[in-house]
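# Sequence isn't available, so here's the structure alone:
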């Protein structure tokens, strides 16, 4: 095997190692909007409390940035299977944020929940997980 061939083989292997987990975790699909539509979610206008909630979240996180108007909001009762760990897909009770794609899905009974809107916007800001210093109630106002 020539040196050039070895480089091609190594490069191909590196691509497979990086790309395969993404394909397996997302089912080969990376379009969150299409995934939401597939489970019957509908796009909704930005909630009236979202801008004030964004500013509240920013203050609590110690960040400064203008309101992110690129966030797209949806309402629906099911999570796309690509968004959750195996076995957790199905009926949704509150909300879920797909931080990388700036998509927020709210359950039908939660579209006006200020607390949940702030919570999901925080995920857009800091990503997945619930670090206690932010998600222990300090960064969410009472309704």
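Noted; the coordinates are in hand. In this text the structure is predicted, and so the values were computed from the model without any measurement.

# residue boundaries of the helices in this structure?
3-26, 32-38, 50-61, 114-126, 132-135 (DSSP state H).

# By mean pLDDT, show me the worst of those.
Least confidently modelled of the helices of the chain is helix 3-26, at a mean of 44 by mean pLDDT.

# mind checking how far stretch 100-113 is from the chain centre?
10 Å (Cα atoms, centre = their mean, to the nearest Å).

# quick one: terminal-to-terminal distance for that stretch?
As for stretch 100-113, its first-to-last residue distance stands at 23 Å under the measure Cα to Cα, to the nearest Å.

# what residues does stretch 113-126 touch?
With contacts defined as Cβ atoms under 8 Å, 6 or more residues apart in numbering, stretch 113-126 is touched by 47, 49-50, 53-54, 56-58, 60-61, 63, 68, 71, 94-97, 99, 102, 104, 106, 110, 134-135, 139-143. From N, CA and C alone the C-beta is placed, and that goes for glycine too.

# Buried subset of those, written for PyMOL?
Command for PyMOL that selects the buried part of these, burial taken from 16 or more other Cβ atoms under 10 Å:
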select buried, resi 47+49+50+53+54+56+57+58+60+71+95+96+97+99+102+104+106+110+134+139+140
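
# Could you chop this structure up by domain?
Domain assignment for the chain, taken from automatic domain parsing, gives 1-28, 31-135.

# Mean neighbour count, these: which tops it?
Among the domains of the chain, domain 31-135 has the highest mean neighbour count (mean count of other Cβ atoms under 10 Å), at a mean of 16.

# how long is it from one end to the other?
Taking Cα to Cα, the first and last residues of domain 31-135 lie 28 Å apart.

# do the same with stretch 46-55
15 Å.

# beta partners for the one residue sitting closest to the centre of the chain?
For the chain, residue 98 is the residue whose C-alpha lies nearest the centre (Cα atoms, centre = their mean; 1.1 Å). With DSSP bridges as the criterion, residue 98 is bridged to residue 103.

# Good, wrapping up.
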